[in-house]
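S.K.: just coords:
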């Protein structure tokens, strides 16, 4: 199957729920690696520009920084997949949170590269805040699709909202 265009809305909701929950879990793991690097593996700033710092984070030591940077790339890829899947749901809230989550992850990546380049604490803070905002977006997606998918399943089974006892 494609990235949402050939799925029914119910299938897209289920896929979006799984993807959003997966991204949320990986975000928490990445958050942990980021806190480890910031607390225990202090790095002197590279000072060679943000893009060089980004490459340095992906290929250099400490290992926790490399894992943190690669997890970030995986999450950005997952965020793109989530956005394409959200398009298949035809639900503005889910599309909006998916767009905002992706933008937050790009902001976190740019802030992280700026932090490795400059060593300024405010860059680390902005990376954490962007990541937290993205986490909220993906948790909203997961929670919203869970309840929406259940409602869609009840409608398919022939029960309307009025006949279902809650």
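M.R.: Structure's in. What do you need? Predicted, not measured: the structure shown is a model, and the values here were computed from it.

S.K.: ranges for the strands of this protein?
M.R.: With DSSP state E, there are no strands along the chain.

S.K.: so where's it uncertain?
M.R.: In the predicted model of the chain, residues 1-5, 42-45, 147-166 satisfy pLDDT under 70.

S.K.: In it, spot the helix with the most residues.
M.R.: Assignment by DSSP state H gives helix 121-156 as the longest helix of the chain.

S.K.: Give the other helices and strands that that helix contacts.
M.R.: If contacts are counted by 3 or more C-beta pairs under 8 Å, 6 or more residues apart in numbering; DSSP states H and E, helix 121-156 sits against helix 9-40, helix 63-87, helix 92-118. Every C-beta, even on glycine, is put in place using the N, C-alpha and C of the backbone.

S.K.: gap between residue 107 and residue 12?
M.R.: Distance, residue 107 to residue 12, using C-beta to C-beta, to the nearest Å: 26 Å.

S.K.: Between the two, tell me which one has more neighbours.
M.R.: residue 12 (26 against 17; other C-beta atoms under 10 Å).

S.K.: Return the residues in contact with the more buried one.
M.R.: Counting by C-beta atoms under 8 Å, 6 or more residues apart in numbering, residue 12 makes contact with 4, 85-86, 88-89.

S.K.: gap between the longest helix of the chain and the chain center?
M.R.: 8 Å (C-alpha atoms, centre = their mean, to the nearest Å).

S.K.: For that helix, buried residues please.
M.R.: Across helix 121-156, burial judged by 16 or more other C-beta atoms under 10 Å covers 123-124, 126-128, 130-131, 133-135, 137-142, 144-145, 148-149, 152.

S.K.: Next: stretch 8-28.
M.R.: Neighbour-count burial for stretch 8-28 [16+ other C-beta under 10 Å]: 11-17, 19-24, 26-27.
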